[in-house]
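Asks: The following block contains a protein sequence and its predicted model.
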Amino acid sequence: MCGGEGTRLRPLTFERPKPCIPIVNRPSIQHLVSHLSDLGFTEVVITLGYLGGAIEEALGDGSLFGVDITYVHEEAKLGTAGSVMNAREYLEGQDFLVVGGDHVTDINLLEFFREHRREKPMASIGLISIDDPSEYGIAEIDVNYTIKRFKEKPGPGEIFSNLASTGIYVCSPDIFSYIPAGTKFDFARDLFPLLMAEGHQLRAWLARGNWTDVGSPASLRQAQRWKLDELPFSRFMGDISIRGGQIIGPLMFGNDVMIGRNCHIIGPVAIGSGTTIEDDVLIGPYTTIGENCTIRRQAKIFSSHLCNQVTLGRNSTASGSIIDNGTVIGENCSIENDTVIGPRVEIRNRAVVHSKTRIWPDVVVPEGSVVREHLLNENYDTRIEGS
């Protein structure tokens, strides 16, 4: 399912759908499809909505990932269950796995699928224990894994479980009898309560492993960490220039990466093709830098994620930041933890961007400024709540 606008991740999703946000310099949907392919799921149906063309471009016909992909377009927002109903002709007659296109996971979903087929409930829901389930649907289960009650996004006094729905389901094709065609209808909010009210069994499956739906900048950074931790060794492509300094893997470098004198790079780190790193730069673990970036001398980067064509100025620091395409950061700037900088932003010399702030595309931050709250651009939508 790839229909949402990704409003909670703005400004990163104004010009790309959420499944195309880069994780270790690849659209995140590529990681998900590769994982499904490795598990043996080779027939994939993708429901497309917001900026769906970018997803088609990222995946093609699926042959590069060992799968066969069918795309189904939504003309209007249909909700999670409604979007699956819209793809009914490709799913009928067999049990099927439903996964959000923005998910990053290493969970063994083949085990989940097989468990469903043994027990044959109307639907099975993948659950995982998390610290803060208030933003998810939660479930209460019995010893036989039957779901006794389900609550979507519980408020205070309603959090009767920390078992959160992953939004990953295995469904019998019989569910199509309960989903109205051509209207907005959600699994958690509409379909599951309806099925339970009519006496149908919903079964839980307790997931083990890493999972996130990349619903916030913090979860995006966590997903980056997981994928960087999967780098098994250092990998270099083409020409790399290194002059002194210290480099500790694992590392993934693209082609024509230039590294200046006395640089220290501590992996896991990924650096894209055509990027130049000048002298005396420190890059800490869990950092990704995209293609054709410029990191000026004496800059420092810690656990941050720079997209393509980003410039980080001399003696500037980025810590726990996400910085989108084409942004230019001047000299002696500090970009603090949990900040999100949109595309083509210009942050001039000696500026400080406080933690947990976001800057919308094409904004200019004056020299010496201290940014304490979101900087919006009236040419773009300002909402950050929703999908």
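Replies: Here it is on my side, so go on. Residues are numbered from 1 along each chain as shown.
Asks: Let me see the ranges of the helices in the stretch 201-350 of the chain.
Replies: 217-229 (DSSP state H, counting those that start in this stretch).
Asks: With the stretch 51-200 of the chain instead?
Replies: Applying DSSP H, counting those that start in this stretch to the stretch 51-200 of the chain gives helices spanning 52-59, 79-86, 109-119, 192-197.
Asks: out of these, which comes closest to I248?
Replies: Taking Cβ to Cβ, helix 52-59 is the member of the helices of the stretch 51-200 of the chain nearest to I248, at 31.4 Å. All C-beta atoms are positioned from the backbone trio N, CA, C, and that covers glycine.
Asks: if we can go back for a sec, kindly reformat the helices of the stretch 51-200 of the chain as a markdown table containing mean pLDDT, mean neighbour count and distance to N325.
Replies: Formatted as a markdown table, the helices of the stretch 51-200 of the chain follow (pLDDT from 0 to 100; neighbours: other Cβ atoms under 10 Å; distance: least, Cβ to Cβ, whole Å):
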| stretch | mean pLDDT | mean neighbour count | distance to N325 |
| --- | --- | --- | --- |
| helix 52-59 | 95 | 18 | 13 |
| helix 79-86 | 93 | 23 | 28 |
| helix 109-119 | 95 | 16 | 32 |
| helix 192-197 | 91 | 17 | 39 |
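Asks: Of all the ones you listed, which one comes closest to D239?
Replies: Nearest to D239 among these is helix 52-59; the distance by Cβ to Cβ comes to 26.8 Å.
Asks: what's the domain layout of the protein?
Replies: Domain ranges of the chain: 7-215, 231-371, per automatic domain parsing.
Asks: how much space between the residue most central in space within the chain and K18?
Replies: Per Cα atoms, centre = their mean, the C-alpha nearest to the average position across the chain is that of V214, at 3.8 Å. The span separating V214 from K18 equals 6 Å under the rule Cβ to Cβ, to the nearest Å.
Asks: for I335, same thing?
Replies: I335 is 22 Å from K18, where distance means Cβ to Cβ.
Asks: Then I242?
Replies: From I242 to K18 the distance is 36 Å (Cβ to Cβ).
Asks: The two: which has the busier surroundings?
Replies: Ranked by neighbour count (other Cβ atoms under 10 Å), I242 and K18 place K18 first, with 28 against 16.
Asks: List phi and psi for that one.
Replies: When read as degrees, to the nearest 10, the backbone of K18 gives phi -60, psi -40.
Asks: could you check the distance from the closest residue to it other than its chain neighbours over to G245?
Replies: Nearest residue to K18, sequence neighbours excluded (Cβ to Cβ, 6 or more residues apart in numbering): G6, at 3.4 Å. Applying Cβ to Cβ, the value for G6 to G245 is 38 Å.
Asks: who's more crowded, these two?
Replies: Between G6 and G245, G6 has the larger neighbour count (other Cβ under 10 Å), namely 22 against 17.
Asks: dump the residue contacts of the more buried one.
Replies: Contact partners of G6, counting by Cβ atoms under 8 Å, 6 or more residues apart in numbering, are 12-13, 17-18, 21, 50, 102, 387.
Asks: Among the residues you listed, name the ones in strands.
Replies: Using DSSP state E, no member of those falls in strands.
Asks: Those into TSV, with extra columns for pLDDT?
Replies: Compiled in TSV, the contacts of G6 are given as follows (pLDDT from 0 to 100):
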residue	pLDDT
L12	96
T13	94
P17	95
K18	94
I21	96
Y50	90
D102	93
S387	64
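Asks: Among those residues, which one sits closest to E135?
Replies: E135 lies nearest to S387 out of the contacts of G6, by Cβ to Cβ, at 12.1 Å.
Asks: so what's Q298 up against?
Replies: If you count contacts by Cβ under 8 Å, 6+ apart, Q298 has them with 279-281, 314-315.
Asks: Can you tell me which of those residues has the most neighbours?
Replies: Using other Cβ under 10 Å as the neighbour criterion, V281 leads the contacts of Q298 with 23 neighbours.
Asks: Can you report phi and psi for the residue nearest to it when sequence neighbours are not counted?
Replies: Closest residue in space to V281, ignoring its immediate chain neighbours: C263 at 4.7 Å, by Cβ to Cβ, 6+ apart. Phi and psi for C263, reported as degrees, to the nearest 10, are phi -90, psi 150.
Asks: what mean pLDDT does the longest strand seen in the chain have?
Replies: Looking across the chain with DSSP E, the single longest strand is strand 163-171. On average, the pLDDT along strand 163-171 is 93.
Asks: packing partners for it?
Replies: Judged by 3 or more Cβ pairs under 8 Å, 6 or more residues apart in numbering; DSSP states H and E, strand 163-171 is in contact with strand 96-98, helix 109-119, strand 123-129, strand 137-141, strand 202-206.
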